[in-house]
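Trainee: I'll drop the sequence and a predicted model, then ask my questions.
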Amino acid sequence: MTIRKTMKALLLLSLFSPAQKIFGQKNYTISGSIKSKNNGESIIGASIKVLNSHFGTTTNEYGFYSISLVPNTYQIVYSALGKTPDTLLINLASNIEKNISLLEANYELSSVTVTSSKSSGRSITGSQMGIEKLSVHEAKNIPVIFGEKDLLKTIQLLPGIKPAGDGNSGIFVRGGSTDQNQIILDEANIYNAAHLFGFFSTFNSDAIKDIAVYKGGMPAQYGGRLSSVLDVRMNEGNNQNTSVSGSLGLISAKLNVEGPLQKNKSSFLISGRRTYADMFLKMDQQYKDNQLYFYDFNAKLNYELGKKDKLYLSGYFGKDFLGFNNQFTTNWGNGTGTLRWNHIFNSRLFLNTSLIFSNYNYEFKVKNGTNDIKIFSQIRDWNLKQDYQYSINNTNNLRFGWSSIYHIIRPGEITGNATSSINDKIQDKRYSCENAVYASNMFKPNKNLNITLGVRLSSFDVLGGGKFFNIDDKGNIKDTINYPTGEVVKTYYNLEPRVSIGYMLNTNASIKAAYTRNAQYMHQITNSNGANPLDKWASTSNIIKPQISDQFSMGYYANILQNAYEFTAEVYYKEMENVLDYRNGADLFLNESVEAQLLFGKGRAYGIEFMLKKKTGKLTGWVSYTLSKTERKINGINNNQWYNATQDRTHDISIVGIYQLSKKWTLSGNFVFYTGSAVTFPTGKYQVNGQTAYYYNSRNADRMPNYHRLDFSATMQLKKRKKWTKELVFGLYNVYGRENAFAINFKDNKNNPNSTEISQTSLFRWIPSISYNFKF
Amino acid sequence: MKNIHSIIYIALLVFGLSSCEKVIDLNLNTTDPIVVVDAQVTNSLTIGSIVKLSYTNKVKSDNSVLPLLGAIVTIQEDNGTVYSLPEVTKGNYQNIGLVGTTGKTYHLKVVTNGITLTASSTMPIMVNLDSLVVEAFPNFGKTVKVVTPFYNDPKGFGNNYNLTMFKNGKLIKDIFAYDDLFIDGKKVTFPLIYSREENEFKKGDIIDVVMNCVDYANYKYWFSLSQSSTGSPQAVPDNPISNIKGKAIGVFGANTYQKRTIVIP
């Protein structure tokens, strides 16, 4: 597919869109970028509203906006989260460029209304639904385990997003599994967003600007995962002054340096984090040969080439190390790089071109003299894409583009020394190409109605080089076919419609509905007990089909009491096809044919989510509640009948409160309750060859005990000196020491081996934390 | 290599420094008793061949076996002799005259309460268990003693092993089932790592290691049992892949038998 052809098709598409008036009326545009005054960071999703009209727009991922209007005099209101709004009087008689810098909002307590813009990304206007936005600034005061600020954990307090486990940064979104979340950092795919088994995410909050989570109604520019998109954007770096910030906590130390390369024009940011729990291990003679730590490193550079062109270069590198007595060591990590070029063709047409690299690998080593064994696996992506944003007129905004990803997987490599018991084995590399073209038009036919019609056409080429298999129902290899490198083994196409409609009931309330189809071509093969860093990623092949989901959702949104409160209710129904699970007794460890070890089936999830948020006053926060059901039906599991998915949790409640006690102190707390995950407990037991074995009847028919927990934190602002700001954050996780079940084990009793004992393992009780944050 | 997962699991528990374990009680569903077949033909004169028939028991009951009485049990060797196995003790069916031979296929037939169960298994060639060695093994923070069996896997895929270990005559309840996918034609020196602290080997302990060479279906049974039915939270809860045809669970194997003993120094 050539780019030119695509462009032609997209232009045709735009002509057929309901924008008949494209050439009918003369429009002029106001365009430009919106930045934060104090550090020059561009603001994503800032609002541009035409006063006393229904016209408006928001800034894109790079802070750029463009709005087309008929000639007139307008009052334009520029506003953004945590910023003081600005209003400009514009006499529109030709295309105008307006670059805006917004001041920090005044958080002083003297004004009781802290800020009216301290809202979530939810907006009652527009047609986008199923989205949650969180900035680092908002998440700042919410308590978190070990005092380690982590956006992936804070978003778990929002409706429809559930933690994969206690203290875990892995998430389940609307009944999806963890690998069905597309986690992108500056557009680069992060294949494993967890450090230390999920207790920390790979996102160092000092380097992150914000996160947007799409639970449904994904815009057409996103694709590749079924359940959600987590779009994480890194800070760009202060282009006004050089600043240093950092923190010291129980677990890690962080340092962040940023500043201008050329004032107002270009800047850099370098941010690093390392945990130091292992330093304590080293102090103990017994544990001194053990390793347990991670680090990560973010860097970004942005450079204005001219008025119309801007370059961004960003990178992430992180690694985990774990070792025992120098005999077992394992390490894993992600590395990504993104080069982006923003080009403004004219006030209406904006283009971003990105070249993205992403890598994830792990290594596991055993060293005991005789058996020195190394296991290695890697997944690597090269991605080139272009995204065009075209403001047609005051009622139509078109977005279109294409993306092409080349995936290279090294599924598994095992090598041993001369005396080891194993034969070296290098599995065939897997090559594939994932392409997509998309277009979507945001259309505003009248004052109250917003319609976004979008479509994404995705394709996946399974490429040769190596052995491919045909498998029978029992998972036996029927025959093996060798494909030469570069030859197409199989191509899949999927048309993914994305439709959403928003209707304003009155100035304070709206309803929205959306239908979204998503296709997923890369799959993580995890067992139903949850993910771990050694889980394999497998690409769609001749046997593994793309996973498909169809989601229908509807919502009601209201602002109550002059925007002091915000109420949201959303219902969804989602169907998934070709979801995967392990075959019983699967041996995935470097298995030549992963396909032979898998089972395929379908899933369904439905639920209702409520959220009431208090946005102003000394006390802010929210209550969220989700009622949901998630099921799977997989041929070969549970007699092919529907069963509860592991992530099925009927009730899920979060309460978050932040209280500004005084200028010096901010107190906050959160409470979480959810129904225990679906699990399978044995229904009988027996003896075979002297071993006690357990008999299982139906899959996931039982429940773990319900989970609940209360956390507190208090932030003390230390005396501000001219350029120094310092604060101390005290936290207590699991205040009342609830022993939440992490695992339940059935085994012979230690003292009386003739009887069975059921034991429960709990992880975190009363985890206190203290951290010191500074900035100068 | 399931040990990789165990290691990660242990690390996880260590990291959650405040982790704790306690005995709890749960309301469990029960299923009607199901027939369990635990049967093997061996090439050992002392061990011989035995078919144990029982029913599944309630999880919260003790580990005693609920014997299945009065079944008619026969084993046919290839297409030849049919041996009948009378019930010698409750639920245990045996015929001293039946000693297996490598390369021959054995066909089990059980008739009980109007149901018929069948299974077949071929006795593989016997790979010699050369020796046992006691080694030191790191176990987070300390070193424990483990026993490593040495044997030479013959060239050519298809050798499968199921090892069991006894400490002072008592079975250690861990499963060690291997195929030869990675070890084909190599000298095998993998230690048998036991999972429970209370089994820790002390000086003077007498350790017996039994090595059964088994066919692929038996390897799959023991491997899947170790992955799915041990009651451990790392296991995916499911029933092991049985080679019994009919309404029953369990396994029938024609296995070679070797035993070696070592005293912990």
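Mentor: That came through, no problem.
Trainee: okay, CA-based contacts and neighbour counts for the rest of this
Mentor: Fine.
Trainee: immediately after the host helix or strand of B:Thr74, which helix or strand?
Mentor: B:Thr74 is part of strand B:72-77 when elements are defined by DSSP states H and E. Using DSSP H and E, the next helix or strand after strand B:72-77 towards the C-terminus is strand B:82-85.
Trainee: Apart from its chain neighbours, what residue comes closest to the closest residue to chain A within the stretch 101-250 of chain B?
Mentor: Chain A sits closest to B:Ser224 of the stretch 101-250 of chain B, with a gap of 4.0 Å, by CA to the nearest CA. Leaving aside its sequence neighbours, B:Ser224 sits nearest to A:Gly585 (CA to CA, 6 or more residues apart in numbering or on different chains; 4.0 Å).
Trainee: If you count neighbours, what's buried in stretch A:638-647?
Mentor: For stretch A:638-647, burial by neighbour count (16 or more other CA atoms under 10 Å in any protein chain shown) applies to A:638, A:642-647.
Trainee: for stretch A:67-74, same thing?
Mentor: A:67-69, A:74.
Trainee: how far is that stretch from where the chain is centred?
Mentor: Stretch A:67-74 has its C-alpha centroid displaced from the chain centroid by 37 Å (CA atoms, centre = their mean, to the nearest Å).
Trainee: Contacts for it next, please.
Mentor: With contact meaning CA atoms under 8 Å, 6 or more residues apart in numbering or on different chains, stretch A:67-74 is reached by A:25-31, A:50-51, A:56-57, A:89-94, A:348, A:391-394.
Trainee: OK, now which residue of the stretch 101-250 of chain A is nearest to chain B?
Mentor: Per CA to the nearest CA, A:Phe197 is where the stretch 101-250 of chain A lies closest to chain B, at 7.2 Å.
Trainee: what does the model give that residue for pLDDT?
Mentor: pLDDT, A:Phe197: 74.
Trainee: you'd agree it is in a helix?
Mentor: Yes - the assignment for A:Phe197 is a helix, going by DSSP: H, G, I helix; E, B strand; the rest coil.
Trainee: among the buried residues of stretch A:67-74, which are in strands?
Mentor: Counting by DSSP state E, the buried residues of stretch A:67-74 place A:67-69, A:74 in strands.
Trainee: ok, what's across the strand from B:Cys20?
Mentor: Using DSSP bridges, the bridge partners assigned to B:Cys20 are A:Ser762.
Trainee: Pull up the gap between it and A:Asn745, please.
Mentor: Distance of B:Cys20 to A:Asn745, given as CA to CA, to the nearest Å: 13 Å.
Trainee: okay, and the common contacts of those two?
Mentor: With contacts taken as CA under 8 Å, 6+ apart, B:Cys20 and A:Asn745 have A:Thr761 as neighbours in common.
Trainee: With neighbour numbers in mind, choose between the two.
Mentor: Counted by other CA atoms under 10 Å in any protein chain shown, B:Cys20 and A:Asn745 do not tie: A:Asn745 has more neighbours, with 20 against 16.
Trainee: what about the more buried one, distance to A:Gln327?
Mentor: Taking CA to CA, one finds A:Asn745 at 28 Å from A:Gln327.
Trainee: Just give the number of residues close to residue 240.
Mentor: Looking at chain A here, since you left the chain open. 21.
Trainee: meant chain B, my bad for not saying
Mentor: By other CA under 10 Å, the residues close to B:Pro240 number 25.
Trainee: what's near enough to touch it?
Mentor: B:Pro240 is in contact with A:584-585, B:221-222, B:224-225, B:228-229, counting by CA under 8 Å, 6+ apart.
Trainee: mind redoing it with 6 Å?
Mentor: Counting by CA atoms under 6 Å, 6 or more residues apart in numbering or on different chains, B:Pro240 touches B:221, B:224-225.
Trainee: ok, of the residues you listed, which one's closest to A:Asp309?
Mentor: A:Asp309 lies nearest to B:Ser224 out of these, by CA to CA, at 59.1 Å.
Trainee: for the residue lying closest to A:Phe324 once chain neighbours are set aside, phi and psi?
Mentor: Nearest residue to A:Phe324, sequence neighbours excluded (CA to CA, 6+ apart): A:Asn290, at 4.6 Å. The phi/psi pair for A:Asn290 (degrees, to the nearest 10) reads phi -100, psi 150.
Trainee: ditto for B:Val36
Mentor: Residue torsions, per degrees, to the nearest 10, at B:Val36 are phi -120, psi 130.
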